[in-house]
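1. coordinates for the following, if possible.
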Amino acid sequence: MATDERKQQALQAYVKKVLEHRDFEAKLKKLREQVKEVSKQYDKSEDDLKALQSVGQIIGEVLRQLDDERFIVKASSGPRYVVGCKPKLDKKKLTSGTRVALDMTTLTILRQLPKEVDPTVFNMLHESPGQVNYSDVGGLNEQIRQMREVIELPLTNPELFKRVGIKTPKGVLLYG
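-> Residues are numbered from 1 along each chain as shown. The predicted structure follows:
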C-alpha cells in the first residue's frame, strides 16, 4: 500500500511538472512572438534612421526591370540610370511607373514612394460646376461670342466652314 501511495504521489508530481512545462512553453512562445514583433519595429526604425542620416535622396520613376537585381530608373532631374535595389525591398512591387527614392551616392533604390498627387488637382477632381449658362456669365459678351464662333459653330454647322474652305479647328487653347 505504501508503494501505491508513493506511485500516486510520484505520478501527481510528474503531472504537475508536465503542466508547469506546458505553461512555460506557452509563455516562451508568446515571448518569442513579442521578440519577433519588437525586432520588426526595431528594423523599421533603423531603416528610418538611416534614411534620415543619409546624404540625400533622389526621386525617380522605374521605367523597366532589366533582370532580378537591376532596374532602369528615370531620375526627377532628368537622366536615366541602371540601378540596383536594396535587398529587403519587394522587387515585385517595382513595376513600370512606380515612384522610388534613390540613394544619392550609390543610386540604389531605397524604398517605394506613394503616387504623386498634386493637392490642387486632387481638390478640383471633386468640384462640380453645376448647370452654368452663358446668360449666367456677366460682362464677357465679346469673349462668349468668340467662344461660340470657335467651339460651337464648327460642331453645329461644319458645312459653313467647308463652303468657305476653312478647316474646322481640332481644339482650343484657353488661358487666363
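
2. which stretches of the protein have low pLDDT?
-> Low-confidence segments of the chain, defined by pLDDT under 70: 1, 51-55, 117-129, 176.

3. heading toward the C-terminus, what's the first helix or strand past the longest helix along the chain?
-> Ranked by residue count and defined by DSSP state H, the top helix of the chain is helix 2-53. Using DSSP states H and E, the helix or strand that directly follows helix 2-53 along the chain is strand 57-65.

4. distance between that following strand and the chain's centre?
-> Using C-alpha atoms, centre = their mean, to the nearest Å, the mean C-alpha position of strand 57-65 is found 13 Å from that of the whole chain.

5. as PDB, could you dump the C-alpha coordinates of the following helix or strand past that strand?
-> Heading C-terminal from strand 57-65, the first helix or strand you meet, by DSSP H and E, is strand 71-75. In PDB, the C-alpha atoms belonging to strand 71-75 read as follows (Å, rounded to 0.1, in the frame of the first residue of the first chain):
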ATOM      1  CA  PHE A  71      16.200  48.400 -63.000                       C
ATOM      2  CA  ILE A  72      16.200  51.400 -65.400                       C
ATOM      3  CA  VAL A  73      15.100  54.400 -63.400                       C
ATOM      4  CA  LYS A  74      14.500  58.000 -64.700                       C
ATOM      5  CA  ALA A  75      15.500  60.500 -62.100                       C
END
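
6. counting by contacts, list what strand 71-75 packs against.
-> strand 57-65, strand 80-85, strand 99-103 (3 or more C-beta pairs under 8 Å, 6 or more residues apart in numbering; DSSP states H and E). (Glycine included, C-beta is placed from N, CA and C.)

7. okay, which residue is most central for the protein?
-> Of all residues in the chain, the one closest to the mean position by C-alpha atoms, centre = their mean is residue 114, 2.7 Å from it.

8. now do the longest helix of the chain against strand 57-65, angle only.
-> Counting by axes from the mean of the first three to the mean of the last three C-alpha atoms, to 10 degrees, helix 2-53 lies at 100 degrees to strand 57-65.

9. helix 2-53 vs strand 99-103, what angle?
-> 80 degrees.

10. show me the contacts for residue 56.
-> residue 104 (C-beta atoms under 8 Å, 6 or more residues apart in numbering).

11. correct me, but residue 137 touches residue 145?
-> No: Residue 137 sits out of contact with residue 145 when judged by C-beta atoms under 8 Å, with a separation of 11.9 Å.

12. between the two, what contacts are shared?
-> With C-beta under 8 Å, 6+ apart, residue 137 and residue 145 have no common neighbours.
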